[in-house]
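I'd like to go over a predicted model; first the sequence, then the structure.
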Amino acid sequence: MKQKEAMAEKMRTSVKYLDQSYLKIFPMEKEELKFQEESTRRPLTAPVEDDEEPMGAYSRQLIRNKRYYDNNKEKVLKKQKEYKDAKPLHDKARIRLLHFLNSEADYYSRMKKSTFEKYNFKKENGRWI
């Protein structure tokens with residue numbers, strides 16, 4: 001436990017999150033190895049069907065999101081429309097032009113200089129921002 005606390009302090013987190021997220025293998029004693037061998041012999045979960053893969057947290061979250069969207073489609077679309085309408089036209093146009101600049105190689109050469117200056121585009125690490 002002291003090792004975990006020291007590690008948690010170095011990682012700027014808590015022992016709780018270390019236990020949930022990380023697996024650290026410490027040198028085991030013979031008794032611990034014996035206990036581990038015994039515990040691996042019996043199944044801890046229900047057997048998985050041959051054609052069914054075990055679901056991870058990400059897959060379950062995708063399913064929950066899809067189910068929520070299917071059940072609340074009108075409400076979600078209404079909120080999306082309100083969000084898009086709240087953006088100024090200048091920002092919408094800038095986002096659209098950024099998409100063209102980053103997806104088409106020669107779009108920069110076709111763009112007018114006044115448009116380029118109006119939206120103040122900059123190239124950083126090979127991408128337009």
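Ah, there it is. Numbering: from 1, shown residues only.

shaky segments in the protein?
The chain contains residues with pLDDT under 70 at 23-54.

centroid residue for it?
Nearest to the mean C-alpha position of the chain, by CA atoms, centre = their mean, lies residue 58 at 8.9 Å.

any idea how far that one is from residue 65?
Distance of residue 58 to residue 65, given as CB to CB, to the nearest Å: 11 Å. Quick note: C-beta positions are derived from backbone N, CA and C, even for glycine.

show me where this structure has strands.
In the chain, the segments counted as strands under DSSP state E are 123-124, 127-128.

what's the closest of the ones you listed to residue 84?
Counting by CB to CB, residue 84 lies closest to strand 127-128 out of the strands of the chain; the figure is 21.8 Å.

okay, buried residues for stretch 106-117 please.
Buried residues in stretch 106-117, defined by neighbour count with 16 or more other CB atoms under 10 Å: none.

dump it to PDB, keeping only the CA atoms.
Provided in PDB are the C-alpha atoms of stretch 106-117 (Å, rounded to 0.1, in the frame of the first residue of the first chain):
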ATOM      1  CA  ASP A 106      -4.500  23.400 -53.800                       C
ATOM      2  CA  TYR A 107      -7.400  25.300 -52.100                       C
ATOM      3  CA  TYR A 108      -4.900  27.800 -50.700                       C
ATOM      4  CA  SER A 109      -3.900  28.900 -54.200                       C
ATOM      5  CA  ARG A 110      -7.500  29.400 -55.300                       C
ATOM      6  CA  MET A 111      -8.500  31.500 -52.300                       C
ATOM      7  CA  LYS A 112      -8.600  35.300 -52.600                       C
ATOM      8  CA  LYS A 113      -6.100  37.300 -50.600                       C
ATOM      9  CA  SER A 114      -8.900  39.300 -49.000                       C
ATOM     10  CA  THR A 115     -10.700  36.200 -47.800                       C
ATOM     11  CA  PHE A 116      -7.400  34.900 -46.400                       C
ATOM     12  CA  GLU A 117      -6.900  38.100 -44.500                       C
END
